[in-house]
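# What would the 3D arrangement of this be:
(2 chains)
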Amino acid sequence: MKRETVVLGLGNPLMSDEGVGVRVLERLSALAERYPLVEFVDAGTGGMSLLHLLEGRGKAVIIDCARMGIEPGRIRRFTAEQARSVKRQAHMSLHEADILNIIDLSRELDQCPDEIVIFGIQPKSIRPGQELSRELADRMDDYIDSVCEELDG
Amino acid sequence: MSKTVNIDVEHVTRIEGHGNILVNASGGRVKNVQWRVPEAPRFFEAMVRGRSYEDIQTIVSRICGICSITHSLAATKAVESALGIKVSEQADKIRILMHYSEQLQSHILHIGYLAAPDFFGVPSVVPLVAKAGDVVKAVIRLHRLANEWSDLIGGRTTHPVTLTPGGFTATPSEQQFRELQERLRGCAGDLKIVADAVLSVAENIPAFERETEYVSLRQDNPPTYTFYHGDITSTDYDGTVRINDWKTVANEYVSEQSTAKWAKWNRDSYAVGALARFNNNGDLLSDGAKELAGTFGLEKGCCNPFMNTVAQLVETVHVVQTSIEMIDELLTAGLRAEKAGSSPRAGKSSGCVEAPRGILFHEYEFDGKGNCVAADICIPTNQNHANIQKDFEKFVPEIIDEGEDAVRRKLEMLVRAYDPCISCSTHTLDVQFIR
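Now for the predicted structure:
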């Protein structure tokens, strides 16, 4: 039986700030005991696999690096309805999966959670490396608090 | 017909960029055709330097979200070869089963989400739901099965965590293997739905042919349609080349029109992937897979790159049928609790497996403490770039009179048929807020 809520950390921890979702997820996983109805998943860059992680849930909370045109390190909560992807896709490769498009497909298939909340974190830089920029690393506690507040809500 | 055609399909997304298609033609004469690709990221080679041999497979599993098991396996094989680490027959079989899960996962995604919209004449999988909902649902069920299969053996769906030099840190129980086997038996209906759907639109697969060299693994002892063991062969080469000599096959070089490295062996380009495996080893497929190939008229020697998608479909049947048999073998022999053991030493070696999209090479060198001092990775997509360019050069003059839209669509479709991995290391969201 799937748990009611899923928290997904997305990104590639080999690409510095791009991996912030996975880094936040690692920290949140340590709090799993506090949230017995929540499943925490490091979804990495699994692309279309997200479709199956969303299915059968009441709520999904997604944490991802997002270019939103705000100050690096800032976290912003939004819903899938409030944002549209402006990523230019060629549909040439399976490697272009975009969570907003996957949510669209999930809706089309009528298997989408009723509530999807996305926490976008504005990157400072995306380059090869396993460390987060200072602007993001210093705010890690804020990110955890934001997600916990959502789960406690 | 006299026409001017100018196509410049530029797909720059984020940092790595995508393949760009460039065509200039006027009066029905093609002046310039280019498949231009920015360098695939090789940063991970630097990233593993200084790291312990025990950590390599975990790091490289993040190179790609689609081929993470494949990268982990190639790295693990290289590490084990370099350090002289032995693997039990049981662990070896379980690894092959794990690798098959990724072949199914990736192929079914490619067929269902990328190729099928082309064949059905819709722009993406989302509108395909309305047009062929049953097929999309079968694709999704198969994809879910492949994901859960990866999860069962790898410890999670993508980026496996159970693989370690010498074996596994954890393996499924007999009961779990039996359940997996039941599910694999049960997916035949879904495979048929997908195969029938592709067959129903097979006339939309362009009838383009160009002879080229097809490179893949080959395993003679025992003869196997291999994704994992064996040495390197090609349709232009009778024997095999040892894995450690892969650089004499890939012969990477820099092309003027692209910053990505290209590869050539016995001709000016070669192809890797499902069609290459089929052309080298097709007679070793499972019975059901052979039968399906026959239904599509796919035969060894096929040189239509668009048929790569059909070869993938054939391979999905093969990996499912073979896995059912392999689970029987494992359970008949009786599962043993094993502890993977290894110790560091200096060494250098390569590891090779077939990624869903073609042959993949990893090479590492370690110092006496088992820390990595050098790494080299050659991905299948880079090996296909020169071949895509050669296809473009022959294909464009054949279709140039069909007009700009048709030429663009068919060239994009051709690139998609190769199932390229050209933007796999980041998935950052790029959003605008709706006011």
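# any idea how far A:L25 lies from A:A83?
According to CB to CB, to the nearest Å, A:L25 and A:A83 sit 20 Å apart. (Each C-beta comes from the backbone N, C-alpha and C, glycine too.)
# residues in contact with B:T157?
The contact partners of B:T157, taken as CB atoms under 8 Å, 6 or more residues apart in numbering or on different chains, are A:A43, A:G46, A:S49, A:H52, A:L53, B:N147, B:E148, B:S150, B:D151.
# er, B:N279 I mean
So B:N279 contacts B:Y214, B:S216, B:T235, B:K300, B:G301, B:C302 (CB under 8 Å, 6+ apart).
# now, among those residues, which is nearest to chain A?
B:S216 (20.3 Å; CB to the nearest CB).
# what secondary structure does that closest one sit in?
Classification of B:S216 using DSSP: H, G, I helix; E, B strand; the rest coil returns strand.
# so what's it up against?
For B:S216, the contact set (CB under 8 Å, 6+ apart) comprises B:I232, B:T233, B:S234, B:V272, B:A276, B:R277, B:N279, B:N280, B:N281, B:E354, B:G358, B:I359.
# Which residue would be the closest one in the stretch 51-200 of chain B to chain A?
As assessed by CB to the nearest CB, chain A sits closest to B:G65 within the stretch 51-200 of chain B, at 3.2 Å.
# which residue packs closest to that residue, ignoring adjacent ones?
In this structure, B:G65 finds its nearest non-sequential neighbour in A:T45, 3.2 Å apart by CB to CB, 6 or more residues apart in numbering or on different chains.
# Could you give the number of residues near that neighbour?
Applying other CB atoms under 10 Å in any protein chain shown, we find 28 residues neighbouring A:T45.
# The lengthiest strand in chain A vs chain B: in contact?
Longest strand of chain A, by residue count under DSSP state E: strand A:59-67. Yes: on the criterion CB under 8 Å from any CB of the partner chain, strand A:59-67 is in touch with chain B at A:D64, A:C65, A:A66, A:R67.
# Show only the entries of the contacts of B:S216 found in strands.
Counted as lying in strands by DSSP E, out of those, are B:I232, B:T233, B:S234, B:E354, B:G358, B:I359.
# Counting neighbours, which bits of the helix ranked longest in chain A end up buried?
Ranked by residue count and defined by DSSP state H, the top helix of chain A is helix A:140-152. For helix A:140-152, burial by neighbour count (16 or more other CB atoms under 10 Å in any protein chain shown) applies to A:Y143, A:S146, A:V147, A:L151.
# Out of those residues, which comes closest to chain B?
Chain B lies nearest to A:Y143 out of these, by CB to the nearest CB, at 15.5 Å.
# Name the nearest residue to that closest one, sequence neighbours excluded.
Going by CB to CB, 6+ apart, A:Y143 has A:V24 as its nearest residue, at 4.9 Å.
# Take the ones in strands among the contacts of B:S216 and lay them out in CSV including distance to A:D17 and neighbour count.
Listed next are the ones in strands among the contacts of B:S216 as CSV, based on distance: CB to CB, whole Å; neighbours: other CB atoms under 10 Å in any protein chain shown:
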residue, distance to A:D17, neighbour count
B:I232, 39, 24
B:T233, 43, 23
B:S234, 42, 26
B:E354, 33, 26
B:G358, 31, 28
B:I359, 33, 29
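# Could you check the pLDDT of B:I422?
Per-residue pLDDT puts B:I422 at 65.
# same deal with B:L429?
We have a pLDDT of 58 for B:L429.
# so what's B:A91 up against?
B:G166, B:G167, B:F168, B:T171, B:E338, B:A340.
# please redo it, this time with the cut-off set to 10 Å
When contacts are counted by CB atoms under 10 Å, 6 or more residues apart in numbering or on different chains, B:A91 touches B:L163, B:T164, B:G166, B:G167, B:F168, B:T171, B:R336, B:E338, B:A340.
# Count the neighbours of B:T169 for me.
12.
# Oops, could you answer that again for B:P127 instead?
Using other CB under 10 Å: B:P127 sits among 14 other residues.
# Isn't it up against B:A116?
No: the criterion here is CB atoms under 10 Å, and B:P127 misses it with B:A116 at 11.2 Å.
# Against B:P172, how distant is the nearest residue to B:A207 once chain neighbours are set aside?
Nearest residue to B:A207, sequence neighbours excluded (CB to CB, 6+ apart): B:N304, at 6.9 Å. Between B:N304 and B:P172 the computed distance is 39 Å (CB to CB).
# And for A:G153?
For A:G153, the distance to B:P172 - CB to CB - is 38 Å.
# Those two: which is more packed in?
Applying other CB under 10 Å to A:G153 and B:P172 shows that B:P172 carries more neighbours, namely 20 against 6.
# sec struct for that one, please.
Following three-state DSSP, we place B:P172 in the coil state.
# thinking it is in contact with B:E148, fair?
No: assessed by CB under 10 Å, B:P172 is found out of contact with B:E148, at 11.3 Å.
# Which neighbours do these two have in common?
Contact criterion CB under 10 Å, 6+ apart; residues shared by B:P172 and B:E148: B:E179, B:L180.
# Kindly reformat the contacts of B:T157 as TSV containing distance to B:Y253.
Below are these laid out as TSV (distance: CB to CB, whole Å):
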residue	distance to B:Y253
A:A43	37
A:G46	34
A:S49	35
A:H52	41
A:L53	41
B:N147	38
B:E148	42
B:S150	35
B:D151	40
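# Next one, pLDDT for residue 126 please.
Unless you meant another one, I'm taking chain A. The model's pLDDT for A:I126 equals 86.
# Can you look at chain B instead?
B:V126 is assigned 83 on the pLDDT scale.
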